[in-house]
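Colleague: I would like to see how this sequence folds:
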Amino acid sequence: VNGWQLSPVKFDDLNLLVGVSGVGKTQILKAIRQVQAIAVNGIALTGRYWKIRFLIDENEYLWEGKFDKGSIEESSSFSPEQYDIEAELKEKPRIIEENLSINNTKIITRDKDNNINVRDKEYSGLANSESIVYLMRNSKDLAISSIRESFKKIILNDQANSIHQIHKLWIFSNLDLLKKQFNSLDKIKNSSLDTLVKLFLVFENPELLKNPELFNISKNIKDNFQSIFNQVENIKFDWIKGDSGEEKLPIVTLKEKDINNWVKQNNISSGMFRTLMHIAELYLLPDHSVVLIDEFENSLGVNCLSQVTESILNQGENQQFIITSHHPYVINNIDFEYWKIVTRKGNIVKIRNSSEFNLGGSKHTAFTKLMNLEEYEHGVQS
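Modeller: Below is the predicted model of the structure:
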C-alpha cells in the first residue's frame, strides 16, 4: 500500500493489532480491502503486488498477482465502494503476473503478455487490467467463482461515521417488498443490506418472528444491549415522515425505565447507538465473514468496550475479526494471546505474535510488559 510492504502474517480467528500511531495498523486493513476490491470489483491498483492464502470450505487457496505502474494517480481515501471516474479514462495498470493454486495444485497462470491458462485451457483477449478471479466471477467452475463471493464477506465495520443518520430513504412500499424478499434469516444475513435495515427486518416482520431461530436472534440482540444499558426496557422501530412529507421512514427508538416517552434515534447517545449497531452486526453478518474494525475505541464508550468485546469473543466460531487499537482499555480487555504487535522499519511493516515476547501472567502484567517492549515503544523506525 503506497510503497509499504507487509511481511508475511497468519491471522487467527481473533486478532488485535497493537502498536503506536503511524506504525501501519490501518494500512494493514487497507491492504486487505484492496485485495478484496481486486477480486470483487475488478479494480486495477498501480504497482500493487499481493499474495494471500485463505480457506473456502476447507480447501486451501493461494492467490497472488502483480500490477505494473500504469498511469493512474490514486486517492489516499481509496475504498472498494469508490470509483474515480476520471481514472476510468486513463490508462489502467496491467496485471503482469497472476497465479491461483487450490490445495497446492496450480489452477490459473497469467504472464506479462496476458497469456492466461485456466485448468490447462488457454484464454486470450481478456481485459489485462482485471484479475481472473473477477473475470471468471460467473464461471461454472465453482472453485473459482466462489472466491469472489467469499471476498464479499470481508466487511469494514464503520459505525463511528454513521451514528445519527437515517441510512436510507426507505419508502414504505419498498419496506414491504424488502420483507417479502428477505423472508429468512439466511437471506437477511447474506444480503448486502445496511446493518440498520437488517435490524429492521428482524424486529419488524411478524411473520419472521414466528420462526424460533429468528426470534432468538432478535431476543439475543435486545438482551445483549440491555445487559450493557440496563436502564433500557425495550427497543423497537417507529416511523417519521420524510422530507417530502409522503415517505414513512423507520427509526430506532428506546424505552427507558421511569421515562414515559420513547427516545428516538436522533436523541439516542452516540455510544448507545453505535453499541446497538455493533451487536446487531455481530448477529446478522453472513457466516464466515472477516470483520475489520479500525480503532475499536473510537466507536464505543469506555463502559461498552468490555461487553462488546465479550460478544466478539462469543462469535469467534463463525467469524474472523481483525481489530486495531492503541487504547489501554481495549488492549486490557482482550486476552494477550490475541495480540499481534505491529512494527515498522522504513516501508516494511511486520506483525509478530504476542507469544514471541513472553507476555504471560495477569492481564495487567501482560499489558505492562507490552508497554515496556522496545518493539512497541519504538514501533516506527526510519
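Colleague: and the next element down the chain from the helix-or-strand element of the chain with minimal mean pLDDT?
Modeller: Ranked by mean pLDDT, DSSP states H and E, the weakest helix or strand in the chain is helix 85-88, scoring a mean of 44. Sequence-wise, the next helix or strand downstream of helix 85-88 (DSSP states H and E) is strand 95-102.
Colleague: export that following strand to PDB, keeping only CA atoms.
Modeller: Coordinates of the C-alpha atoms in strand 95-102 are reproduced here as PDB (Å, rounded to 0.1, in the frame of the first residue of the first chain):
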ATOM      1  CA  ILE A  95      -1.700  -7.300 -14.400                       C
ATOM      2  CA  ILE A  96       1.700  -8.700 -15.300                       C
ATOM      3  CA  GLU A  97       1.500 -11.800 -13.200                       C
ATOM      4  CA  GLU A  98      -1.300 -13.800 -11.600                       C
ATOM      5  CA  ASN A  99      -1.400 -17.300 -10.200                       C
ATOM      6  CA  LEU A 100      -4.000 -19.300  -8.300                       C
ATOM      7  CA  SER A 101      -3.500 -22.700  -6.600                       C
ATOM      8  CA  ILE A 102      -6.000 -24.800  -4.800                       C
END
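Colleague: so residue 101 bridges to which residues?
Modeller: residue 62, residue 106 (DSSP bridges).
Colleague: can you give me the neighbour number for it?
Modeller: Residues lying near residue 101 (other C-beta atoms under 10 Å) number 16. For every residue, glycine as well, the C-beta is placed using N, CA and C.
Colleague: so it sits against residue 61, correct?
Modeller: Yes: using C-beta atoms under 8 Å, residue 101 is in contact with residue 61, at 7.2 Å.
Colleague: got phi/psi on the residue nearest to the spatial centre of the chain?
Modeller: Nearest residue to the geometric centre of the chain (C-alpha atoms, centre = their mean): residue 155, 2.3 Å. Dihedral pair for residue 155: phi -130, psi 130, per degrees, to the nearest 10.
Colleague: can you pull the contacts of it?
Modeller: 281, 285, 289-292 (C-beta atoms under 8 Å, 6 or more residues apart in numbering).
Colleague: just the CA atoms of stretch 19-33, as PDB, please.
Modeller: Output of stretch 19-33 as PDB, limited to C-alpha atoms (Å, rounded to 0.1, in the frame of the first residue of the first chain):
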ATOM      1  CA  GLY A  19       1.200  -0.600  18.100                       C
ATOM      2  CA  VAL A  20       2.000   3.100  18.300                       C
ATOM      3  CA  SER A  21       0.300   5.600  15.900                       C
ATOM      4  CA  GLY A  22       1.800   5.600  12.400                       C
ATOM      5  CA  VAL A  23       3.100   2.000  12.600                       C
ATOM      6  CA  GLY A  24       0.800   0.700   9.900                       C
ATOM      7  CA  LYS A  25      -2.200  -0.800  11.600                       C
ATOM      8  CA  THR A  26      -4.800   1.000   9.400                       C
ATOM      9  CA  GLN A  27      -2.600   0.300   6.300                       C
ATOM     10  CA  ILE A  28      -2.900  -3.400   7.000                       C
ATOM     11  CA  LEU A  29      -6.700  -3.200   6.900                       C
ATOM     12  CA  LYS A  30      -6.500  -1.100   3.800                       C
ATOM     13  CA  ALA A  31      -4.300  -3.700   2.100                       C
ATOM     14  CA  ILE A  32      -6.900  -6.400   2.900                       C
ATOM     15  CA  ARG A  33      -9.600  -4.100   1.400                       C
END
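Colleague: any idea how far residue 17 is from the residue nearest to residue 351 when sequence neighbours are not counted?
Modeller: For residue 351, ignoring the flanking residues on the chain, the nearest one in space by C-beta to C-beta, 6 or more residues apart in numbering is residue 9 at 4.3 Å. Note on residue 9: its distance to residue 17, by C-beta to C-beta, to the nearest Å, is 10 Å.
Colleague: could you tell me which residues touch both of these two?
Modeller: With C-beta under 8 Å, 6+ apart, residue 9 and residue 17 have common neighbours 340, 351.
Colleague: neighbour count for those two, which is higher?
Modeller: Each of residue 9 and residue 17 has its neighbours counted (other C-beta under 10 Å); residue 17 has more, 24 against 15.
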